[in-house]
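K.L.:
I'd like to go over a predicted model; first the sequence, then the structure.
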Amino acid sequence: MKLYDISVPITPDLPVWPGDPSVKLMPASQIAAGDTANVTHLEMSAHTGTHVDAPYHFLEDGVTLERVPLEVMIGPARVLHLPDVDEITAADLKAAAIPEGTTRLLFKTKNSKIWSHETAFQKEFAAITPDGAQYLVDRGIQLVGIDYLSIAPYGNGRPVHEILLGAGILIIEGLNLSDVPPGEYTLHCLPLNLQGVDGAPARVVLSTQ
């Protein structure tokens with residue numbers, strides 16, 4: 001079995017969505033300063049790096065993260081490679097010939113290259129259009145992931161999120177699929193067990209089946 005860790009490292013240099021708090025990792029206590037142990041104080045948004053969006057993120061009456069079944073986040077998943085698109089439309093998804101029965105879909109796009117050489121937020125990234133989101137709903141997808149900080153285009157994120165989350169599709173954002181060949185895997189996505197929240201950072205791993 002081969003494992004692919006598709007989570008991005010969390011460091012103070014990690015790009016964050018404009019307006020979100022930056023990552024801060026600060027010593028709360030240090031052995032070198034005479035304390036008993038090294039303890040790190042962490043500050044960041046729930047939507048930092050690789051993270052899960054719960055329906056409550058964009059829907060006032062949507063469920064919060066602890067009410068999303070873990071079974072949705074663990075199981076067979078397909079990595080779909082779309083290297084030459086800026087907008088993932090319904091036409092692109094139809095042309096990709098997604099196999100029947102696919103319920104978890106991860107998009108590998110040009111975005112994955114961003115993680116290796118950019119520390120500033122990039123506004124130009126590949127994302128799903130509203131008609132693409134509706135196509136996923138109509139296909140019965142339960143979980144969708146993408147390799148940058150939003151599944152939706154910069155500056156117009158609400159429609160896509162509302163379509164997906166409103167249909168109960170869980171969203172994983174901030175994946176790094178650079179080293180992952182397209183194909184079938186087992187997805188293991190475990191967000192922090194935060195209560196009453198709109199999302200949480202997650203450690204996400206793919207394993208070969």
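P.N.:
Cool, the structure landed.
K.L.:
Out of the helices and strands in the chain, which is least certain?
P.N.:
Here the helix or strand of the chain ranked lowest by mean pLDDT, DSSP states H and E is helix 114-117, holding a mean of 89.
K.L.:
Give me the residues contacting that one.
P.N.:
With Cβ atoms under 8 Å, 6 or more residues apart in numbering as the test, helix 114-117 has contacts from 8, 122, 125, 147-148, 176, 178. No exception for glycine: its C-beta is placed from N, CA and C like everyone else's.
K.L.:
Counting neighbours, which of the residues you listed comes out on top?
P.N.:
Among the contacts of helix 114-117, residue 147 has the most neighbours (other Cβ atoms under 10 Å), with 28 neighbours.
K.L.:
contacting residues around it?
P.N.:
Neighbour list for residue 147: 106-109, 111-112, 115, 174-178 [criterion: Cβ under 8 Å, 6+ apart].
K.L.:
Can you read off the pLDDT for the residue of the chain most remote from its centre?
P.N.:
Most distant residue from the mean C-alpha position of the chain: residue 34, 39.7 Å away (Cα atoms, centre = their mean). pLDDT, residue 34: 97.
K.L.:
separation between it and residue 102?
P.N.:
56 Å (Cβ to Cβ, to the nearest Å).
K.L.:
same check, this time on residue 80
P.N.:
Residue 80 is 9 Å from residue 102, by Cβ to Cβ.
K.L.:
which one of those two has more residues nearby?
P.N.:
residue 80 (21 against 17).
K.L.:
Run through the neighbouring helices and strands of the helix or strand where that one lies.
P.N.:
Under the criterion of DSSP states H and E, residue 80 resides in strand 74-81. Secondary-structure packing of strand 74-81 (3 or more Cβ pairs under 8 Å, 6 or more residues apart in numbering; DSSP states H and E): strand 104-108, strand 183-191.
K.L.:
Now do residue 209, the pLDDT please.
P.N.:
Reported pLDDT for residue 209: 66.
K.L.:
one step back: okay, the angle between the strand holding residue 80 and strand 104-108?
P.N.:
Relative orientation of strand 74-81 versus strand 104-108 (axes from the mean of the first three to the mean of the last three Cα atoms, to 10 degrees): 30 degrees.
K.L.:
hmm, who's touching strand 74-81?
P.N.:
96, 98-99, 102-109, 143, 145, 177, 180-189, 206, 209.
K.L.:
now with 6 Å?
P.N.:
Under the criterion Cβ atoms under 6 Å, 6 or more residues apart in numbering, residues 96, 102, 104-108, 180, 182, 184-185, 187-188 lie in contact with strand 74-81.
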